[in-house]
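Undergrad: Pasting the sequence and the predicted model now:
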Amino acid sequence: MFFRIIRGAVTRQKQKLLMMACTMALGISLATAMLNVMLDVGDKVNQELKTYGANIMVEPRGASILSDLYGVQEGAGVADKFLLEDELPKIKTIFWAFNIVDFTPYLDVRAGVNGSEHQVTLLGTWFAKHLDIPTGESIDTGINNLKAWWEIRGDRSSQGKWLSDDDETGVMAGAAFAARNALKVGDVIKVAVTDAGGRERAADLTIRSIYHAGDAEDEGLLAPLAVVQRLSGLENKIRRIEVSALTTPENDLARRAAQNPHSLSRHEWEIWYCTAYVSAIAYQIDEVLTDSRAKPVLQVAASEGAILEKTQLLMLLLTILSLACSALAISNLVTANVMERSTEIGLIKALGASDGQISLLVLTEMLIATIIGGIIGYFAGIGLAQVIGQSVFGSAVDIKGLVIPIIAILVLLVTIGGSLPAIRLLLRLRPTEVLHGR
Amino acid sequence: MSKNILELHDVSMIYGPVKALQNITLSVQQGEWLAIMGSSGSGKTTMMNIVGCMNKATHGVVVLDGEKISRLNAKDLTAIRRDKIGLIFQQFHLISYLTAVENVMIAQYYHSLADEKEALEALERVGLGHRARHLPRQLSGGEQQRLCIARALINHPKLILADEPTGNLDEANQETVMNIFHQLHAQGSTIIVVTHSPEVAAHARRVVHLEYGRMIRDEVNVECPAA
């Protein structure tokens, strides 16, 4: 009988219930889109911020300590400390290996150009180095991904490309250096480096392209790592590594761990180690590289966290607002509906229905409409999330299964919340007030 | 001697300065057909609401089927109404989206269990068996009132309370409805009819007259045979 009553009520009130379903669909579509984007935005924002450079710097432990304690950037104890190039593939073997997007080593030496007494920095690095990882995977990593915002100018043949890692006679010149020395693409320069033993080694290198980095690097030269190692006699040695990793925004636990991981309890340590905090990833890099000290580049890491938190807060507020609007609209619709049906409800009360039975009847009708609206809204929300993903981040938003139970709970809460004033009205309704018609 | 199904002892209903009912003392025996008569504002609907467990008297004691109901809470009054009273309204109050048989079954549903066969039999008794699958809007006024009576009878109430049952009916339908009441009375049902019509009251064995909330006369209609 209950379902006969419900069926009759739903059929008779098609338009009103359709309005409720539409109201719920609107609110839920926005909530679904926001929740999906919110849960995926961490990766998306991180991906975006990865284009602005590395967020972890790895240096030799001794050099790092001198730099941290005394601000010493060169000389004995700093300039003579190195990391080993052949250990670099190990970076991709840490617990958070999949979060390591890019990394590149640097070896900087002072070099004389065309016999000039004024020395410039010759920086050796990987451009797009192909690496076979011990785990069996392979990657291409280097500066061309890490410094995606650098402006590269070339001639017609090179067309502003990065160097190739196996180009033994090529070099890239910084824009400021090239301008001061009236150098252009195609010019051959003689680069001389004095090695650790005091012996000068020189090579004729052709300027393949000119880069504009927008900082002090514009004053130097950029060459494949192997060329710089050969000229300086520092085979297999590197001065530092820049790593770009996808990270989780820092929280109190991560900040405490960054100070001293050993201050954490075992349980906290496990949580921290198994979460992609920048400090946890840096710690794991330390574990695989000999005598290294990996440090988060705090400016970038902090920006990521701050932007992410603000974006997520904004989306959460939008979700709450849209659902509050839905609840208010549903509340008005249900209240109007109950007032319209006061005689029918009064009659059912007069026939002996309890308050609970009447509330259940009205709530079931509402739930049918709002669940249908919720389902429509969910799928509309998935579409909306993709539109947001494509227009804001240029990529699809991953649909999270977690959103479905959240949405189901929200539909239930909004329906019950929206129905409360109407149910209150309904419980106060006295059959005598509506049945005698006078 | 039949036992009293309803007793009112010094019952009053006072809304602020308005005395809707004043010091009513009345008893109704099982199987009796009582008409409560009075003009508009005489207090007959107030009395029906108190007897029908839809309102509580501000003073006095009401006993229904041996149970003192005057101090029960709303939940208990609902249970008493559901189990012991069959209500018939002037405006019929049928649920527009349910068929005739479903309108009868809804009273069963809130009482105990909906039984379609029994509901169809109730419709047969009031001559509506052939209209069981019709919606209320497809029935005439008389048919709607008969449907309302079938709904009131379905749970075998101790007391049938009818509020102006023929108020919206033409003469022919009025007669049909009164004939049903006579049948019910003959079968031993206790009926209280609230009416302002002397013609309707004339069918009852006993007539109570109200005026300005007071009971001014309680008379036996000698022309009407006892059940």
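TA: Arrived safely, thanks for sending.

Undergrad: chain center to the helix or strand bottoming out on mean pLDDT in chain B: distance?
TA: When each helix and strand of chain B is scored by mean pLDDT, DSSP states H and E, helix B:171-186 comes last, with a mean of 81. Centroid displacement of helix B:171-186 relative to its chain, using Cα atoms, centre = their mean, to the nearest Å, is 14 Å.

Undergrad: which residues are contacting that helix?
TA: Taking Cβ atoms under 8 Å, 6 or more residues apart in numbering or on different chains as the criterion, the residues outside helix B:171-186 that touch it are B:31, B:33, B:126-127, B:140-142, B:145-146, B:149, B:153, B:160, B:162, B:165-166, B:169, B:191, B:193, B:199-200, B:203, B:205, B:227. Glycine gets a C-beta too; all of them are placed from N, C-alpha and C.

Undergrad: Skip ahead from that helix and say which helix or strand is next.
TA: Tracing the chain past helix B:171-186, the next element assigned as helix or strand by DSSP states H and E is strand B:190-195.

Undergrad: That next one vs helix B:171-186, what angle?
TA: Calculated by axes from the mean of the first three to the mean of the last three Cα atoms, to 10 degrees, strand B:190-195 forms an angle of 150 degrees with helix B:171-186.

Undergrad: Moving C-terminal from strand B:190-195, which element do we reach first?
TA: Toward the C-terminus, strand B:190-195 is succeeded by helix B:198-201 as the next helix or strand (DSSP H and E).

Undergrad: So what touches that following helix?
TA: Taking Cβ under 8 Å, 6+ apart as the rule, helix B:198-201 contacts B:A35, B:M37, B:P165, B:T166, B:Q174, B:M178, B:V193, B:T195, B:V207, B:N221.

Undergrad: Equivalent analysis for stretch A:352-362, please.
TA: Counting by Cβ under 8 Å, 6+ apart, stretch A:352-362 makes contact with A:2, A:5-6, A:9, A:334, A:338, A:345, A:348-349, A:419, A:422-423, A:426-427, B:75, B:78-79, B:81-83, B:107, B:110-111, all of which sit outside it.

Undergrad: The closest residue to chain A within chain B sits in which helix or strand?
TA: As assessed by Cβ to the nearest Cβ, chain A sits closest to B:R82 within chain B, at 2.5 Å. Secondary structure from DSSP H and E places B:R82 in helix B:74-84.

Undergrad: Would you mind listing what in chain A touches chain B?
TA: By Cβ under 8 Å from any Cβ of the partner chain, the part of chain A that sits against chain B consists of A:1-2, A:4-5, A:8-9, A:11-12, A:343-344, A:346-355, A:357, A:430-432, A:435-438.

Undergrad: And the pLDDT for A:F127?
TA: A:F127 is assigned a pLDDT of 91 by the prediction.

Undergrad: So for the helix holding B:R82, what gets flagged as buried?
TA: The neighbour-count criterion (16 or more other Cβ atoms under 10 Å in any protein chain shown) identifies B:L77, B:T78, B:I80, B:R81, B:R82, B:D83, B:K84 as the buried residues of helix B:74-84.

Undergrad: The helix or strand immediately after it in the chain close to chain A?
TA: Per DSSP H and E, helix B:74-84 leads on to strand B:85-88 as the next helix or strand towards the C-terminus. Yes: counting by Cβ under 8 Å from any Cβ, contacts between strand B:85-88 and chain A involve B:L87.

Undergrad: just checking, next helix/strand downstream of strand B:85-88?
TA: Once strand B:85-88 ends, the next helix or strand along the chain (criterion: DSSP H and E) is helix B:100-111.

Undergrad: what mean pLDDT does that next one have?
TA: Predicted confidence along helix B:100-111 averages 89 (mean pLDDT).

Undergrad: Need the CA coordinates for that helix. CSV is fine.
TA: Once non-C-alpha atoms are left out, helix B:100-111 reads as follows in CSV (Å, rounded to 0.1, in the frame of the first residue of the first chain):
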residue,chain,number,x,y,z
ALA,B,100,-11.9,3.9,-4.7
VAL,B,101,-10.6,0.6,-3.4
GLU,B,102,-7.2,2.2,-2.6
ASN,B,103,-9.0,4.9,-0.7
VAL,B,104,-10.5,2.2,1.5
MET,B,105,-7.3,0.3,1.8
ILE,B,106,-5.4,3.3,3.1
ALA,B,107,-7.5,3.2,6.3
GLN,B,108,-6.6,-0.5,6.6
TYR,B,109,-3.0,0.2,6.0
TYR,B,110,-2.7,2.8,8.8
HIS,B,111,-4.8,0.5,11.1
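
Undergrad: What strand or helix carries the closest residue in space to A:L253 that isn't next to it in sequence?
TA: Once its chain neighbours are removed from consideration, A:L253 has its nearest residue in A:W272; the separation is 5.6 Å (Cβ to Cβ, 6 or more residues apart in numbering or on different chains). With secondary structure defined by DSSP H and E, A:W272 is part of helix A:266-273.

Undergrad: For that helix, which helices and strands make contact with it?
TA: Helices and strands touching helix A:266-273, as assessed by 3 or more Cβ pairs under 8 Å, 6 or more residues apart in numbering or on different chains; DSSP states H and E, comprise helix A:252-259, helix A:278-288.

Undergrad: Might you report the residue contacts of B:R217?
TA: Neighbouring residues of B:R217 by Cβ under 8 Å, 6+ apart: B:V207, B:V208, B:H209.

Undergrad: Which of the three states applies to it?
TA: Here B:R217 takes the strand state, with states given by DSSP: H, G, I helix; E, B strand; the rest coil.

Undergrad: State the pLDDT value of the spatially closest residue to A:D132 that is not a sequence neighbour.
TA: Using Cβ to Cβ, 6+ apart and skipping residues adjacent in sequence, the residue nearest A:D132 is A:S138, 4.8 Å away. pLDDT, A:S138: 84.

Undergrad: And A:G124, by the same measure?
TA: The predicted structure scores A:G124 at 94 on the pLDDT scale.

Undergrad: same question, A:G373
TA: As predicted, A:G373 sits at a pLDDT of 92.

Undergrad: quick one: stretch A:214-228 to chain centroid distance?
TA: With Cα atoms, centre = their mean as the basis, the distance from the averaged C-alpha position of stretch A:214-228 to the chain average is 29 Å.

Undergrad: That one: which residues count as buried?
TA: Buried residues in stretch A:214-228, defined by neighbour count with 16+ other Cβ under 10 Å: A:E217, A:D218, A:G220, A:L221, A:L222, A:A223, A:P224, A:L225, A:A226, A:V227, A:V228.

Undergrad: Between which two of those residues is the distance greatest?
TA: Between all members of the buried residues of stretch A:214-228, the longest pairwise span (Cβ to Cβ) is found for A:D218 and A:A226 and amounts to 23.4 Å.

Undergrad: Share the number of residues neighbouring A:R240, please.
TA: The number of residues packed around A:R240, counting by other Cβ atoms under 10 Å in any protein chain shown, is 18.

Undergrad: doesn't A:T104 make contact with it?
TA: No: under the criterion of Cβ atoms under 8 Å, A:R240 is not in contact with A:T104, lying 9.7 Å apart.

Undergrad: follow-up on the earlier one: what distance do you get for the residue nearest to A:D132 to B:V11?
TA: Using Cβ to Cβ, to the nearest Å, one obtains 96 Å as the distance from A:S138 to B:V11.

Undergrad: Give the residue from these two that has the larger number of neighbours.
TA: With other Cβ under 10 Å as the criterion, A:S138 and B:V11 differ in neighbour count, and B:V11 comes out ahead with 24 against 11.

Undergrad: three-state assignment of the nearest residue in space to the more buried one that is not next to it in sequence?
TA: Setting aside the residues directly before and after it, B:V11 is nearest to B:G60 in space (Cβ to Cβ, 6+ apart), at 3.4 Å. Taken by three-state DSSP, the conformation at B:G60 corresponds to strand.

Undergrad: Now B:H156, what are its backbone angles?
TA: Listed backbone geometry of B:H156 is phi 50, psi 60, with angles given as degrees, to the nearest 10.

Undergrad: Closest to the centroid, which residue in chain B?
TA: Most central residue of chain B, judged by C-alpha distance to the mean C-alpha position with Cα atoms, centre = their mean, is B:L161 at 1.0 Å.
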